[in-house]
Every structure is written in structure tokens, then in C-alpha cells.
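Enquirer: Based on what follows, work out the 3D shape:
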Amino acid sequence: MMVSIILDNFVVNISILQMKKYLTIVSSFIVMLCLGSMFAWSVIARELANDFGFSLSKTQLVFGIFFTFFPITMLLAGKLERKTGPKLLVLISAALFTGGYLLSAISNGSYLLILIGMGVLSGAGTGFGYLAALAVPARWFPQRKGLITGIVVAGFGLAAVFFSFFAEHLLNSGKSVLETIKIIGLSYGTIVAVMALFIYNPQGYGEEDRVKIDYSFLRTRAYVRLVIGFFMGTFAGLLVIGSLTAIGSQYNIENHILVLGVSGFALANFLGRISWGFLSDYIGSNLSVLLALTFQAVSIFLIGHLTLTPLLYLAIAALIGFGFGSNFVLFARETAQMFGLKNFGSIYPYVFLGYSLAGILGPVTGGLLYDLLNDFSLPTAIAAGMSLIGALVANLFKKSQSV
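Expert: Predicted coordinates:
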């Protein structure tokens, strides 16, 4: 009888553990799905330009500020997560994200308020949620960190599909761009807050796992290569992403095709993150990064140097998305491989600083050059070159073992 009770309790505990494991993955994916909505910024930027006369460089600065504060905030989030666990981080994320969107919604077209709301506050909120949603699932599957990381960050890439259609639906129904921002901020923020309740650390994960970080890693060649490679790869993608609709508009492509292009980019971004993560578990990060960033470079060059038809625009936007998605799984995987999963939550935000720099320089460079030249040939050539350099730098990685 006693043995039977013990076995029953054991089975129940195992079932609860399994449920928490998969709830964590699903909830983290949904958090990413909400927070990644900025990848469809070009849809909102178009309306802000139409309603308030913002130049491309101005709208791209908002996009760039978002992708600057997002990675910087992860530094604080990594330290806080070691002390409090992931739930508080995701709740903070929901509050900042919603607050930023609401501030933009009541701005009456004030560029400064939109810059602070959509750029600073929602960017900071995304940093808190992204760190928690990225770090925790990999702790449950240490042997499949490439695939698991790919699945979770795929939500971030897929976000633009839902955001672009949701935003376009609201705009077509007669909502203004500011009303659209308010509705999205409230609905997405609520979802993120609810998902915070279902993200769990593995059983037994505690203070002994939250080791004190030795910051000497900042001086290692491995870290420098990670940061430079990540910067180069994401600079290239971010230069183009926020301007996708503007690039298509040069060829008088209709609005619904432009929105479809953003969604196609996002869907391919989603598939790319999973595919490159899966592939890297078999061929390693070195070769995966070389292939992915070369693929991205060719795709970016094509969109700026071919005469685009609607079909060609859709195809190349998807190719760029597939290549761009690789950055977020491959560099994360390599960080975990080099420095260990226990250190990942604290060290990866420092690798992500490369993305922070790319976040401000990529979009602003693209926007300024287009405003000056009224053409995307030079910006896309620069972006393609940066991606190729990133592929070469990142391929200098030496085989490393987890520490």
C-alpha cells in the first residue's frame, strides 16, 4: 500500500514537472510573439508619415531607439532575474510595453512623446521580457539548446505577421494610427502579463545555479567575436527591415502587397530561427553563421538592386527574413556553448550590446541615406557588405566547450 502511494505521488510529480516544462516553452513563445511586434514598424511608420509628416529618418530613429534600449535593458534584466526569477521580469515587461504604447497613443502626434513611448519605454519593456523568455526554456532542455532557443525566439520573428494584419485591420476599419497603437498596447500588454504566471524555472534551480559572474569574459577574444559578428549581422538586417514598405513603394507596389511583404518577412524570420537552430545542433555554429549571414547579404543586395515586381518583392522580403532570423538563435546558442547555460542569462545581454549598437546605427543609416539620395541602392550595398564581414568575423570562432 505504501509503495503504491509513493509511486502515485512520483507519477503526479513527474506529470506536474512535464506540464511546467511545456507551459514555460509555450508561454515564452507567446511573450515573444507579443514583444516582437516592432518588426512590423514600417506599417505604423507609413501612417505616422502620412498623418504627421514624419520623414523616413525620423520614423527610423524611433525604430533604432527601440532596438537600442531593448538590448541595454537586458543587462539589468539579467542581474534582476538571478535574484527574483523570471515572473517579475515579464510583469515589468508588460507594464513598460503597455505604458510606452499608451504614451504614444495620447501624444497627439508629438514626435518626442512617440520617440519616448515607442522607442524608449516599449524598448525597455521588451528587454525585460525577452531575457526571461529566452533564458528559462533552455534550462529545461540543456542538450537541445539550439532547437529550443530557435523555437522560442521564432515567436519574436513571427510577431510581425500578426501585428501587421492586426494593425492593418484596425486602420482599415477607420481607426487612426494613434487609436491603433492604443488598442495594440493594451491587448498585447495584457497577454504578456498573463503569460508571466506560467513561466517556471526547473525544479531545484536556485541560488547555487545563479553563480557570480566573472567579468573577465569581456576581455576574451570569443566575446569580442560574438559581439562584432552579432553587430554586423543585425546592422544589415535592421537597415532594411524598417524600410521594407518604403523600398516597395519606390516601384508603386500596392499597400496590401507591402503589408503582405512585411508578413512574409516575419513568417520567414520565424521559420529561419527554427531552421538555423535545428541545423546548428548538427553542423555547429561556425558553419551555420557563415552560411546564414552570406545568405542574408545576397538577399539584401538583391532587394536594393533589382527592379521589383510585387512577386519579386514578396520573395526577396521573405529571403531576408529567413537569413535575418539566424542572428538571434545562432549567437545565443554560441554564447550558451562557450560560457555555459548557468551563465547565459547574465552574459548574453553583453553579447546583445552588439544588437543595441546596430539598433541605432542600422535604421538611422538607412533612413538618412535614403532621405539624401532618394534611392536604396547604396544603403543595401552597405548592409550586404556588413553582413558578409559579420560572416567572416563570426567564422573565426574556435570550437569551444561549455564552462
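Enquirer: what about the stretch 251-400 of the chain, any weak spots by pLDDT?
Expert: 396-400 (pLDDT under 70).
Enquirer: how far away is the residue nearest to residue 352 when sequence neighbours are not counted from residue 358?
Expert: Excluding the flanking residues, the one nearest residue 352 by C-beta to C-beta, 6 or more residues apart in numbering is residue 71, at 4.1 Å. In this view, the C-beta of every residue, glycine as well, is placed from N, C-alpha and C. Remark: distance between residue 71 and residue 358 (C-beta to C-beta, to the nearest Å) = 9 Å.
Enquirer: Give me the most central residue, the protein.
Expert: residue 156 (5.1 Å; C-alpha atoms, centre = their mean).
Enquirer: That residue - nearest residue in space that isn't next to it in sequence?
Expert: residue 36 (3.6 Å).
Enquirer: Please name the nearest non-neighbouring residue to residue 231.
Expert: residue 354 (3.5 Å).
Enquirer: Go through the helix or strand in which that neighbour is found and flag the buried ones.
Expert: Using DSSP states H and E, residue 354 sits in helix 353-373. Neighbour-count burial for helix 353-373, counted by 16 or more other C-beta atoms under 10 Å, picks out 353-370.
Enquirer: helices and strands around that helix, which ones?
Expert: Using 3 or more C-beta pairs under 8 Å, 6 or more residues apart in numbering; DSSP states H and E as the contact criterion, the elements in contact with helix 353-373 are helix 56-84, helix 221-241, helix 377-394.
Enquirer: right, and residue 87 touches residue 201 too?
Expert: No: if you go by C-beta atoms under 8 Å, residue 87 and residue 201 don't touch, sitting 9.4 Å apart.
Enquirer: count of neighbours near residue 178?
Expert: Using other C-beta atoms under 10 Å, residue 178 has 20 other residues around it.
Enquirer: Residue 280 contacts residue 146, correct?
Expert: Yes: contact criterion C-beta under 8 Å: residue 280 and residue 146 qualify, at 4.6 Å.
Enquirer: Mutual contacts of the two, please.
Expert: Common neighbours of residue 280 and residue 146 are listed as 329, 333 (criterion: C-beta atoms under 8 Å, 6 or more residues apart in numbering).
Enquirer: So what touches the strand or helix carrying residue 248?
Expert: Using DSSP H and E, residue 248 falls within helix 244-249. Helix 244-249 is contacted from outside by 42-43, 45-46, 56, 240, 257-259, 261-262, 265, 303-304, 308, 313, 317, 370, 376, using C-beta under 8 Å, 6+ apart.
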